[in-house]
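>>> what's the 3D shape of this:
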Amino acid sequence: MQSQKSTPPYILFTIVISQFLCTSLWFAGNAILPELVANFGLAPSYLGHLTSAVQLGFISGTLLFAILTLADRFPPSSLFFLCSVLASVCNFILSLDTLNAITALTSRFGTGFFLAGIYPVGMKIASDYYQKGLGKSLGLLVGALVMGTAFPHFIRSFTAGLEWHYVVYLTSLGSLIGGTCMLLFVPNGPYRSPSKEFDFSLFMTVFKEYNFRKAAFGYFGHMWELYAFWAFLPVFLTAYSDIHGRGFDLSFWSFVIIAVGGISCALGGILSERSSPKAIAQTALFLSGTCCFLSPLMFWQQSPILLLVFLVFWGTVVTADSPMFSTLVAQSAPAQNKGTGLTIVNCIGFGITIFSIQLLNWVQTAVHPMFLLVTLSIGPILGLVHFIKFGKSINKGK
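Take a look at the predicted model:
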């Protein structure tokens, strides 16, 4: 078996770049939402539906991939490549002249479905190469996801004088490039333990592992907050701008606030080599939960600079725990079912995001905008309650 020391440095670099390019599809629809709304006369609530369509597609994909244990039964790089191509095609549909509201939602659903073969499979590939230092590698990988999620907002800001279709063109092309790089340069890792048998019951039995369950529940609390925060960040900024008469480059600041989380993921991964991943995850989850409660105060005050500093800080801590949870989930799952375990947790986690996104979709019509993000605190509170017990009963197995 190839030793970890002999793993070429370009392997991790390729995995990270491929993940970044492919996950840029995630918020491509959100970045061009104003144009979609203008073209089709859609209601403001379409933001929640558009984002939920991607999440629902991702859930459906991860559910199917988990039940069929695809990430453990087949070469993960090949699966990653195939899904990157199909996700790119689904995303490209957004640029068609025949697009309508239903087609847009279908396109987003398909994109999310095939992202299920990109994000969790990318983590699976990294865990096949790195056992020691897994937290660092997953920190870089989740950081790439965050940067990829923010990238469409950057493209929209950078191409403000061009047609909005360029956001779709560039993200679709990026996915094709990322998938091809993974296929050509990242073979099966030295720690891959393929699962040869179909096991339908695995979807439930994996949660019998005590620490796996506690790490997963912490992750679920984190996910309640994360994607709803990202999706409604432009709404929060727009409402502040309208009420206080302050102008923002919404695409640019949405990019900055989301993208800074990619840096915190990478730093969290590096710190995990010297500190406990559990401690990092708990601290980040506590701080992001605190930001939920402080958001009305930050909205009420008059200084846009203070608001932006606050949101950049929130964007930093809201993601810092993500690679730590993924690391603990991967380390707690049975070795031969590591990929499926990660996929199952992703499936449930992204299912939770639909409820928080739709809740905010309703809240924005029912309460003052300053209170919009307070409801996100539910996730960090419940996540901390469960996750704090991680590692305390490792031998109970229940």
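>>> quick one: residues contacting the closest residue in space to Phe151 that isn't next to it in sequence.
In this structure, Phe151 finds its nearest non-sequential neighbour in Ser24, 4.3 Å apart by C-beta to C-beta, 6 or more residues apart in numbering. All C-beta spots, glycine's among them, are computed from the backbone N, C-alpha and C. Ser24 makes contacts with 148-149, 151-152, 171, 174-175, as judged by C-beta atoms under 8 Å, 6 or more residues apart in numbering.
>>> what about 6 Å?
With contact set as C-beta atoms under 6 Å, 6 or more residues apart in numbering, Ser24 has these partners: 148, 151, 171, 174.
>>> how about stretch 286-305: buried residues?
Of the residues in stretch 286-305, 286-289, 291-292, 295-296, 298-299, 304 count as buried by neighbour count, 16 or more other C-beta atoms under 10 Å.
>>> nearest to Asp72, of those?
Taking C-beta to C-beta as the measure, Asp72 sits nearest to Ser288 out of the buried residues of stretch 286-305, at 32.0 Å.
>>> list the contacts of the helix or strand harbouring the closest one.
Element membership of Ser288 [criterion: DSSP states H and E] is helix 277-300. The contact list for helix 277-300, computed with C-beta under 6 Å, 6+ apart, reads 135, 240, 268, 307, 310, 314, 317-318, 320-321, 324-325, 327-328, 370-371, 373-374, 376-377, 380, 383-384, 390.
>>> return the helix or strand in the chain with minimum mean pLDDT.
helix 202-205 (a mean of 69; mean pLDDT, DSSP states H and E).
>>> of all the residues in whichever helix or strand comes after it, which ones are buried?
Next helix or strand after helix 202-205 toward the C-terminus (DSSP H and E): helix 210-244. Neighbour counts over helix 210-244 (16+ other C-beta under 10 Å) mark 210-240 as buried.
>>> what of stretch 32-50?
32-33, 36-37, 42, 46-50.
>>> okay, how far is it across it, tip to tip?
11 Å (C-alpha to C-alpha, to the nearest Å).
>>> figure out how far stretch 355-371 is from the centre of its chain.
Here stretch 355-371 is found 21 Å from its chain centre; the criterion is C-alpha atoms, centre = their mean, to the nearest Å.
>>> let's have the buried residues of stretch 286-305 in a markdown table, adding pLDDT and distance to Pro75.
Shown next, in a markdown table, are these (pLDDT from 0 to 100; distance: C-beta to C-beta, whole Å):
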| residue | pLDDT | distance to Pro75 |
| --- | --- | --- |
| Phe286 | 97 | 40 |
| Leu287 | 97 | 39 |
| Ser288 | 97 | 36 |
| Gly289 | 97 | 40 |
| Cys291 | 98 | 41 |
| Cys292 | 97 | 41 |
| Ser295 | 97 | 45 |
| Pro296 | 97 | 50 |
| Met298 | 96 | 48 |
| Phe299 | 96 | 49 |
| Pro304 | 93 | 50 |
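>>> could those residues be laid out in TSV, adding distance to Leu183?
Putting the buried residues of stretch 286-305 into TSV (distance: C-beta to C-beta, whole Å) gives the following:
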residue	distance to Leu183
Phe286	40
Leu287	39
Ser288	36
Gly289	40
Cys291	40
Cys292	41
Ser295	43
Pro296	48
Met298	45
Phe299	46
Pro304	45
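>>> which of these sits closest to Thr62?
When the buried residues of stretch 286-305 are ranked by distance to Thr62 (C-beta to C-beta), Ser288 comes first, at 23.5 Å.
>>> if I look at the closest one, how far off is Ala116?
Here Ser288 is placed at a distance of 25 Å from Ala116 (C-beta to C-beta, to the nearest Å).
>>> follow-up on the earlier one: select only the buried ones of the contacts of helix 277-300 in PyMOL?
To isolate the buried members of the contacts of helix 277-300 in PyMOL, using 16+ other C-beta under 10 Å:
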select buried, resi 135+240+268+307+310+314+317+318+320+321+324+325+327+328+370+373+376+377+380+383+384+390
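>>> the contacts of helix 277-300 in helices, which ones?
Using DSSP state H, the subset of the contacts of helix 277-300 located in helices is 135, 240, 268, 307, 310, 314, 317-318, 320, 324-325, 327-328, 380, 383-384.
>>> quick check: which ranges of the protein have low pLDDT?
Applying pLDDT under 70 to the chain flags residues 1-5, 44, 133-134, 193-203, 335-336, 339, 392-398.
>>> where do the strands sit along it?
Per DSSP state E, the chain carries no strands over any range.
>>> distance of Phe252 relative to Thr159?
Distance of Phe252 to Thr159, given as C-beta to C-beta: 12 Å.
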